[in-house]
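Student: One predicted model, sequence on top.
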Amino acid sequence: MLRVSHLTKKFGELVAVNDLSFHVAEGQIYGIAGPNGAGKSTIYNLITGYHDFEGEILFDGTPIAGMAPHKIAQLGISRTFQVPETFPSLTAAQSIGVGCHFGDSEAYDQARVDEIIAFLDLAQDRDCMADELNLLGKKKVMIGAALATRPKILLLDEPMAGSNAHEIRDLMELIKRINQEMGVTIIIIEHFMKVLTELTQKLLIIDAGARIAEGDPEEVIRDPHVIECYLGEEYADNS
Ligand SMILES: Nc1ncnc2c1ncn2[C@@H]1O[C@H](COP(=O)(O)OP(=O)(O)OP(=O)(O)O)[C@@H](O)[C@H]1O
């Protein structure tokens with residue numbers, strides 16, 4: 001579904017993504033992890049048309065290089081951000097509705113908004129101002145706006161950041177349901193290894209923009225190079 005080949009992004013002297021190649025199959029939950037500054041969010045910025053790049057990104061066979069972000073969204077690629085982005089002057093339902101305008105039909109779709117609110121269990125909060133919701137509520141609204149575009153693939157950027165154990169469990173269940181019940185392929189950037197090993201079928205670890213390891217998550221987290229560059233001996237001893 002998404003094929004990334006020899007992707008490179010330089011910011012001046014800094015090589016943020018370095019000759020990176022990977023493939024995400026339809027229906028998969030695919031994980032990406034690595035140290036702070038490894039280039040993870042930059043990969044999303046490249047896939048969603050925020051920056052130009054060297055190399056190739058094919059989505060369902062279509063090259064997306066040079067395409068505007070709204071055109072990429074129309075193709076079926078949507079994303080969330082590490083810090084929830086909501087619209088302060090809009091309610092939860094209105095914020096989710098904004099996503100409809102970036103989907104394949106570009107038209108507001110009340111039935112779709114209602115369906116997403118029910119799916120996210122947000123009925124009680126639908127008329128609350130989005131920026132007055134708690135962190136989990138804001139995250140759900142952001143995910144809801146992304147789902148309103150009717151994505152084929154959803155890119156989640158550290159969805160668990162700042163969440164407690166109970167919220168992490170809720171979000172994990174939600175991500176599984178988006179994948180299984182809505183049929184959305186997912187890429188998830190995350191630092192919590194237990195989340196990645198439970199959710200993903202394939203895990204890519206990067207450092208300094210380049211691949212360190214890729215494969216079965218349980219095997220990848222035992223890779224000595226991954227332990228050395230990212231997880232640390234302490235993690236290996238305690239896991
Ligand atoms: N627009 C930009 N201009 C210049 N440098 C940038 C830009 N965006 C990212 N970088 C740099 O590229 C490198 C990779 O950043 P990126 O945000 O992709 O890392 P990350 O793996 O997502 O980190 P974190 O886990 O902290 O979110 C960093 O050194 C960052 O400072």
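Tutor: In hand now; what should we look at?

Student: how about the residues of the chain near the ligand?
Tutor: The chain comes close to the ligand at residues 11, 14, 16, 34, 36-42, as judged by CB under 6 Å from any ligand atom. From N, CA and C alone the C-beta is placed, and that goes for glycine too.

Student: Let's see that with 5 Å instead.
Tutor: Contact residues (CB under 5 Å from any ligand atom) of the chain with the ligand: 11, 16, 36-42.

Student: Could I get these in JSON lines, plus columns for distance to L155?
Tutor: Formatted as JSON lines, those follow (distance: CB to CB, whole Å):
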{"residue": "F11", "distance to L155": "20"}
{"residue": "A16", "distance to L155": "17"}
{"residue": "N36", "distance to L155": "19"}
{"residue": "G37", "distance to L155": "19"}
{"residue": "A38", "distance to L155": "16"}
{"residue": "G39", "distance to L155": "14"}
{"residue": "K40", "distance to L155": "10"}
{"residue": "S41", "distance to L155": "10"}
{"residue": "T42", "distance to L155": "12"}
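
Student: Which two among the residues you listed are spaced furthest apart?
Tutor: Using CB to CB, these span at most 15.9 Å, a distance reached by F11 and N36.

Student: Which of those two has more residues huddled nearby?
Tutor: Set F11 next to N36 and count neighbours by other CB atoms under 10 Å: F11 wins out with 10 against 6.

Student: Mind listing the residues bridging to the residue nearest the centre of the chain?
Tutor: When CA atoms, centre = their mean is applied to the chain, the residue found nearest the centroid is L156 (1.7 Å). In this structure, L156 bridges to I188 when assessed by DSSP bridges.

Student: how about the spatially closest residue to E54 that is not a sequence neighbour, what does it touch?
Tutor: Spatial nearest neighbour of E54, excluding adjacent residues (CB to CB, 6 or more residues apart in numbering): T8 at 4.2 Å. T8 makes contact with 15, 17-20, 53-55, 209, according to CB atoms under 8 Å, 6 or more residues apart in numbering.

Student: Just the ones of the residues you listed in helices?
Tutor: Residues of the contacts of T8 located in helices (DSSP state H): none.

Student: most neighbours, which of those residues?
Tutor: That'd be V17 among the contacts of T8, by other CB under 10 Å, with 26 neighbours.

Student: right, and Y230 touches L203 too?
Tutor: No - the criterion here is CB atoms under 8 Å, and Y230 misses it with L203 at 11.3 Å.

Student: joint contacts of those two?
Tutor: A33.

Student: So for those two, which sits in the more crowded spot?
Tutor: Remark: of Y230 and L203, L203 carries more neighbours, 27 against 21, as counted by other CB under 10 Å.

Student: So, low pLDDT: which residues of the protein?
Tutor: The model of the chain has pLDDT under 70 over residues 105, 234-239.

Student: which stretches of this structure form helices?
Tutor: Counting by DSSP H, the chain has these helices, from start to end: 40-47, 69-75, 92-100, 110-119, 135-148, 165-180, 193-199, 217-220, 224-226, 232-238.
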